[in-house]
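Visitor: Structure here, sequence nowhere to be found:
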DNA sequence: GCAAGGAGTGAACCATCATTCAGTTCTTTG
DNA sequence: CAAAGAACTGAATGATGGTTCACTCCTTGC
């Protein structure tokens, strides 16, 4: 035997894979899924088209991994906040604000993850992650209802509304124009979320 | 001159056009935009591919018209209800219920219109119609706020949440399984909408 | 240095569709 | 019925973009 994979080679391979993923994510955030062709990703990562297939079995697989990474991170962050300390309503408010603020910081990526047209495999993945968002929101709402802090309601519907509301705001490119408007928007969204869940705003 | 268009011929042409549109709409509702190719539409309408181009300059034009017809009808119906008689909150409740009920009656079409991946031209149209839905909802909310019947709020955000919430419920294929569940779902959605706008539910 | 074998390359290949157009069929009118 | 002029047809065309593969370039271990 004259050749064996060395740790150094493996490290380099992994790095190349990471590089492809980050460049592909950037591309998706900037241009959307439609413009993210294999050729474009390869060019952005400064490798050949063929090399992409050394790391991913197909374009779909690459796209799905891009989606999973970005979305997974959001779910984790949101989950941490929603499951944190404090009363359910307070956690809900913090979660919505965090979710919205993060999305508004990276509008392109948020749009790609939540709404932009994508190939079927990514669409499937999107459904799966939407379910996770719903589950997280629904859990907090359920807690609030069970503790008598929120009025009786179907937590799943409320959760869907919250996800949908934030998503809607992002889908419309008319929004997020002035940087100074962000906090006002977040405040309005949070207030809406609390009303939506039936929390007393006693403003 | 040996040939001139006869009213009969014009009628037949118009009928063929209508036929194409209805079959295309059915196809989109059943299989989504991706599977709705020119060839598939032609086959469904039992005409040749070339004939499609006698009625529409391009596939995009056909798709856009399919979308406009279906969505336009929904906007009209919703607008009528939201601008009808009664207090803002009552109209809002009726509008949401109507919107949801109609969507749940034709889940495939609703999904195609609100969420399914589509070509850019249709996506653009979708944005436009989403804005119309928002405007309709926002108008009612604004009326309620101005009349002091609803708490101060950004009507646009509330409208976005309402659209998003109904959309979310439809995007998830897990929903709308049992036919008997529809009314319960509509009731929950309506209650959520009223909370969302800050209307007193005084249940 | 060198043989073995993987990694990297990109032009060629292939599949999918939208679109066109030369030929055919149908309608109208004299 | 015949000529004119549309409407209809579907195979050919063209564009796009994912996938492959014969080839070159590196690394490794002797």
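Guide: Sure, I can see it. In this text, all values refer to a predicted model and were calculated from it rather than measured experimentally.
Visitor: Mind giving me the packing neighbours of the lowest-mean-pLDDT helix or strand in chain A?
Guide: Sorted by mean pLDDT, DSSP states H and E, the helices and strands of chain A end with helix A:155-171, the least confident at a mean of 87. Packing partners of helix A:155-171 (3 or more CB pairs under 8 Å, 6 or more residues apart in numbering or on different chains; DSSP states H and E): helix A:88-105, helix A:107-114, helix A:120-146, helix A:182-197, helix B:120-146, helix B:155-171, helix B:182-197. Just so you know, the C-beta spots here come from the backbone N, C-alpha and C atoms, and that holds for glycine as well.
Visitor: do that again at 7 Å, thanks
Guide: helix A:88-105, helix A:107-114, helix A:120-146, helix A:182-197, helix B:155-171, helix B:182-197 (3 or more CB pairs under 7 Å, 6 or more residues apart in numbering or on different chains; DSSP states H and E).
Visitor: Need those helices in a markdown table (columns: mean neighbour count and distance to DNA strand C).
Guide: Putting these into a markdown table (neighbours: other CB atoms under 10 Å in any protein chain shown; distance: least, CB to the nearest atom of the strand, whole Å) gives the following:
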| stretch | mean neighbour count | distance to DNA strand C |
| --- | --- | --- |
| helix A:88-105 | 20 | 32 |
| helix A:107-114 | 21 | 22 |
| helix A:120-146 | 19 | 11 |
| helix A:182-197 | 20 | 38 |
| helix B:155-171 | 26 | 23 |
| helix B:182-197 | 20 | 34 |
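Visitor: Is it possible to get CSV of those that adds distance to residue B:5?
Guide: Compiled in CSV, those are given as follows (distance: least, CB to CB, whole Å):
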stretch, distance to residue B:5
helix A:88-105, 55
helix A:107-114, 48
helix A:120-146, 44
helix A:182-197, 56
helix B:155-171, 44
helix B:182-197, 48
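Visitor: Quick one, which of those gets closest to residue B:68.
Guide: Proximity to residue B:68 (CB to CB) singles out helix B:155-171 among these, at 17.9 Å.
Visitor: quick one: contacts of the closest one?
Guide: For helix B:155-171, contacts defined as CB atoms under 7 Å, 6 or more residues apart in numbering or on different chains pick out A:160-161, A:163-165, A:167-169, A:188-189, A:192, A:196, B:96, B:99-100, B:103, B:107, B:110-111, B:114-115, B:130, B:133-134, B:137-138, B:141-142, B:145, B:175, B:189, B:192-193, B:196-197.
Visitor: just to revisit the earlier point, nearest to DNA strand D, out of the helices and strands packed on helix A:155-171?
Guide: helix A:120-146 (10.0 Å; CB to the nearest atom of the strand).
Visitor: and the angle from that closest one to helix A:107-114?
Guide: 90 degrees (axes from the mean of the first three to the mean of the last three CA atoms, to 10 degrees).
Visitor: For helix A:120-146, name the packing helices and strands.
Guide: Using 3+ CB pairs under 7 Å, 6+ apart, helix A:120-146 sits against helix A:59-82, helix A:88-105, helix A:155-171.
Visitor: mean pLDDT for those: which is lowest?
Guide: Ranked on mean pLDDT, the bottom entry among the helices and strands packed on helix A:120-146 is helix A:155-171, at a mean of 87.
Visitor: That one vs helix B:155-171, what angle?
Guide: 120 degrees.
Visitor: so how far is residue A:11 from residue A:45?
Guide: According to CB to CB, to the nearest Å, residue A:45 and residue A:11 sit 17 Å apart.
Visitor: Name the residue in those two with the higher neighbour count.
Guide: Between residue A:45 and residue A:11, residue A:45 has the larger neighbour count (other CB atoms under 10 Å in any protein chain shown), namely 21 against 10.
Visitor: and chain A, what are its domains?
Guide: Residue ranges for each domain of chain A read A:1-56, A:62-197, as given by automatic domain parsing.
Visitor: any chance of those in CSV, plus distance to residue B:69?
Guide: CSV is the format used below for these (distance: least, CB to CB, whole Å):
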stretch, distance to residue B:69
domain A:1-56, 25
domain A:62-197, 21
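Visitor: Ok, which of these comes nearest residue B:21?
Guide: Among those, domain A:62-197 sits nearest to residue B:21 (CB to CB), with 22.5 Å.
Visitor: how about that closest one, does it get close to DNA strand D?
Guide: No. Using CB under 7 Å from any atom of the strand, we find that domain A:62-197 stays clear of DNA strand D, coming within 7.9 Å at best.
Visitor: measure that domain end to end?
Guide: 38 Å (CA to CA, to the nearest Å).
Visitor: Show residues contacting stretch A:101-111.
Guide: Contacts with stretch A:101-111, where a contact means CB under 7 Å, 6+ apart, come from A:29, A:30, A:70, A:74, A:77, A:166, A:170, A:171, A:176, A:182, A:186.
Visitor: Looking at those, which is nearest residue B:4?
Guide: Nearest to residue B:4 among the contacts of stretch A:101-111, with distances taken as CB to CB, is residue A:171, at 50.1 Å.
Visitor: Would you mind listing the residues in contact with residue A:74?
Guide: Residue A:74 neighbours (CB under 7 Å, 6+ apart): residue A:102.
Visitor: Quick check: which of the helices and strands packed on helix A:155-171 is nearest to residue B:34?
Guide: helix A:120-146 (7.1 Å).
Visitor: by how many degrees do the closest one and helix A:59-82 diverge?
Guide: Using the same axes, to 10 degrees: helix A:120-146 against helix A:59-82 is 10 degrees.
Visitor: Show me the shaky parts of chain A.
Guide: Residue ranges of chain A with pLDDT under 70: A:1-3, A:173-177, A:201-203.
Visitor: now residue A:84: how far from DNA strand D?
Guide: Applying CB to the nearest atom of the strand, to the nearest Å, the value for residue A:84 to DNA strand D is 41 Å.
Visitor: What separation is there between the nearest residue to residue A:38 once chain neighbours are set aside and residue A:53?
Guide: Closest residue to residue A:38 apart from its sequence neighbours, by CB to CB, 6 or more residues apart in numbering or on different chains: residue A:59 at 5.2 Å. Residue A:59 sits 9 Å away from residue A:53, going by CB to CB.
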